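Chemist: using only what follows, build the 3D model:
(one chain, ligands or ions: 3)
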Amino acid sequence: MLPVEDAEKIILNTIQPLTKTETVGLEAVTGRILATAVSSELDYPHEDNSAMDGYAARSIDLSAATSDRPVTLDIIEEIPAGVPPRHRLQSGQAARIFTGGILPLEADTIVIQEDTQRNGDKVKIFSSPPPGQFIRKQGSFYQAKQPLLPSGIKIGAPEIAILAAMQCREISVYSPPQVTIFSSGNELVNPHETLQRGQLVDSNQYALKALVQATGAMPVSLGIIRDDRKLIKGAIEEAIANSNLVISTGGVSVGDYDYIESILTELGGEIKINSVAIKPGKPLTFATFPNCYYFGLPGNPVSALVTFWRFVLPALKKLSGETQNLTPTFIKAKTEQELKGNGKRETYLWGNIRIEDGNHYFNLAGGSHSSGNLINLSQTNALAVIPVGINSISSQEIIDVMMI
Ligand SMILES: Nc1nc2c(c(=O)[nH]1)N[C@H]1C(S)=C(S)[C@@H](COP(=O)(O)OP(=O)(O)OC[C@H]3O[C@@H](n4cnc5c(N)ncnc54)[C@H](O)[C@@H]3O)O[C@H]1N2
Ligand code: MOO
Ligand SMILES: [Mg+2]
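Modeler: Ligands and ions are numbered 1, 2, ... in the order given. This next block holds a predicted model:
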């Protein structure tokens with residue numbers, strides 16, 4: 001059994017990102033991975049503008065202004081957002097300005113409306129603002145031609161806002177990986193089928209499709225493949241020919257119907273991992289083909305999900321071209337219950353993280369922590385990690401928790 005960290009290293013060192021790119025419009029870029037670093041020809045802000053509603057003025061004219069001895073200025077124009085100023089300020093002059101309005105020449109400060117009293121085309125100023133006050137200087141947030149967004153990041157709402165603001169409308173992103181998913185098992189049926197004795201619904205297929213979709217990759221489901229060497233071999237051949245990554249569940253342990261590893265070898269796959277010291281998920285199998293990676297996940301529903309979160313997700317992110325935050329996020333938390341470890345395998349127990357007064361607390365999901373129990377996984381958001389060699393952790397101890 002390979003230690004978890006070693007398995008993670010082997011997987012991440014083996015996976016090489018796909019290099020195919022495509023150009024997409026802003027409307028379709030959500031969740032995609034940026035393939036080329038972006039810069040813009042525009043400064044941001046594009047021009048000096050006001051951050052407040054008030055008056056644009058020359059600070060030198062106001063150096064003596066106080067609440068008792070206000071200074072009166074002539075208002076020479078009004079500058080709402082979107083209308084360029086027409087005049088240069090002379091000594092003793094101000095321009096009425098609104099948030100986002102462009103500063104007139106010679107103005108070097110903004111007096112907020114609350115510090116003024118208007119009377120027709122004159123305004124009394126009751127404060128002495130320093131130069132630069134409430135001015136958003138051209139290029140102070142971003143200077144044209146500087147790096148704006150690096151390649152390898154996932155594009156979310158902030159990045160879309162930035163690309164839109166900087167008029168980047170055609171964006172080079174990585175083409176998403178094709179991921180084939182299938183379930184192996186004679187006992188499996190689809191959700192709409194009548195269950196006969198001994199049968200079980202193939203839930204893994206649905207969970208894995210959802211997880212793959214969430215990464216931005218393109219899942220293709222081959223459905224349920226019976227435990228028949230020929231059928232499984234055919235499915236794997238088809239999958240590795242047509243996809244960048246394959247995820248199967250079931251058939252990776254030591255039972256008489258567990259064919260996956262031997263078929264992978266028969267087809268020329270290089271088995272990199274076939275057993276990891278993790279609970280749940282021990283028989284995780286990872287193999288490579290010249291143009292495809294293969295994850296044989298254990299059939300137990302929780303084992304399939306835990307091994308996806310711990311190993312497949314970082315692999316899929318790297319394959320997709322992501323370069324940041326590949327590995328899971330671990331935090332420290334105080335456990336609210338006693339936690340039992342397996343001793344020989346790094347144990348992952350599902351539950352919830354709660355934040356109170358700035359401290360993290362881990363609350364173990366109630367009910368059985370069997371890898372066959374998918375029911376109490378619902379609404380969990382974290383996995384407590386019990387290291388190898390530890391059989392029990394007392395309530396209130398600080399533990400490592402993986403966020404899911
Ligand atoms: N003698 C040993 N037996 C087992 C070992 C072992 O080391 N020695 N390892 C156990 C561990 S740990 C796991 S995990 C499982 C993994 O088994 P397989 O990957 O071979 O999976 P199957 O045998 O096909 O199925 C296991 C279990 O999961 C259910 N299953 C399978 N596919 C699905 C699906 N798509 N959706 C829902 N449930 C599924 C299946 O009915 C079985 O109950 O092996 C242990 N055995
Ligand atoms: O590794 Mo298995 O996943 O313990 O049930
Ligand atoms: Mg089995």
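Chemist: how close does the nearest residue to Ile404 once chain neighbours are set aside get to ligand 3?
Modeler: Distances taken as CB to CB, 6 or more residues apart in numbering put Trp309 closest to Ile404, at 5.1 Å, once the chain neighbours are dropped. Using the backbone N, CA and C atoms, a C-beta is placed for each residue, glycine as well. Distance check for Trp309 against ligand 3: by CB to the ion, to the nearest Å, it reads 21 Å.
Chemist: same check on Cys168?
Modeler: Distance of Cys168 to ligand 3, computed by CB to the ion: 50 Å.
Chemist: same check on Pro290?
Modeler: Separation of Pro290 from ligand 3 (CB to the ion): 28 Å.
Chemist: kindly report the same for Thr14.
Modeler: 25 Å.
Chemist: right, and that residue touches Lys272 too?
Modeler: Yes. Using CB atoms under 8 Å, Thr14 is in contact with Lys272, at 6.1 Å.
Chemist: who touches both of the two?
Modeler: Residues touching both Thr14 and Lys272 by CB atoms under 8 Å, 6 or more residues apart in numbering: 286, 288.
Chemist: so is whichever strand in the chain runs longest next to ligand 2?
Modeler: Ranked by number of residues, the top strand in the chain under DSSP state E is strand 346-356. No. Against ligand 2, strand 346-356 shows no contacts by CB under 6 Å from any ligand atom, the least distance being 9.1 Å.
Chemist: direction included, what does that strand pair up with?
Modeler: With DSSP bridges as the test, strand 346-356 is paired with strand 278-279 (parallel), strand 359-364 (antiparallel), strand 382-386 (antiparallel).
Chemist: what's in contact with that strand?
Modeler: Where contact means CB under 8 Å, 6+ apart, the residues beyond strand 346-356 that reach it are 3-4, 277-281, 302, 306, 310, 331, 333, 339-341, 360-365, 369, 376-377, 379-388, 401-404.
Chemist: quick one: average pLDDT of that strand?
Modeler: For strand 346-356, mean pLDDT rounds to 98.
Chemist: chain center to that strand, what's the gap?
Modeler: Mean-position distance between strand 346-356 and its chain equals 20 Å (CA atoms, centre = their mean, to the nearest Å).
Chemist: and if you look at stretch 119-129?
Modeler: Here stretch 119-129 is found 49 Å from its chain centre; the criterion is CA atoms, centre = their mean.
Chemist: the one helix or strand Ile181 maps to close to ligand 3?
Modeler: If you go by DSSP states H and E, Ile181 is part of strand 178-184. No. Against ligand 3, strand 178-184 shows no contacts by CB under 5 Å from the ion, the least distance being 9.1 Å.
Chemist: partners of that strand, with directions?
Modeler: With DSSP bridges as the test, strand 178-184 is paired with strand 218-225 (parallel), strand 245-249 (parallel).
Chemist: closest to ligand 1 out of those strands?
Modeler: strand 245-249 (4.9 Å; CB to the nearest ligand atom).
Chemist: and the helix or strand following the closest one, what does it pack onto?
Modeler: Later in the chain than strand 245-249, the nearest helix or strand by DSSP H and E is helix 260-266. Packing partners of helix 260-266 (3 or more CB pairs under 8 Å, 6 or more residues apart in numbering; DSSP states H and E): helix 229-242, strand 270-273, strand 285-289, strand 292-297.
Chemist: tell me how far the residue lying farthest from the centre of the chain lies from ligand 3.
Modeler: Going by CA atoms, centre = their mean, the residue of the chain most distant from its centre is Arg69, 55.3 Å out. Relative to ligand 3, Arg69 is positioned 88 Å away (CB to the ion).
Chemist: ligand 1 versus that residue, what's the distance?
Modeler: From Arg69 across to ligand 1, the span is 81 Å (CB to the nearest ligand atom, to the nearest Å).
Chemist: now do Ala94
Modeler: For Ala94, the distance to ligand 1 under the criterion CB to the nearest ligand atom works out to 72 Å.
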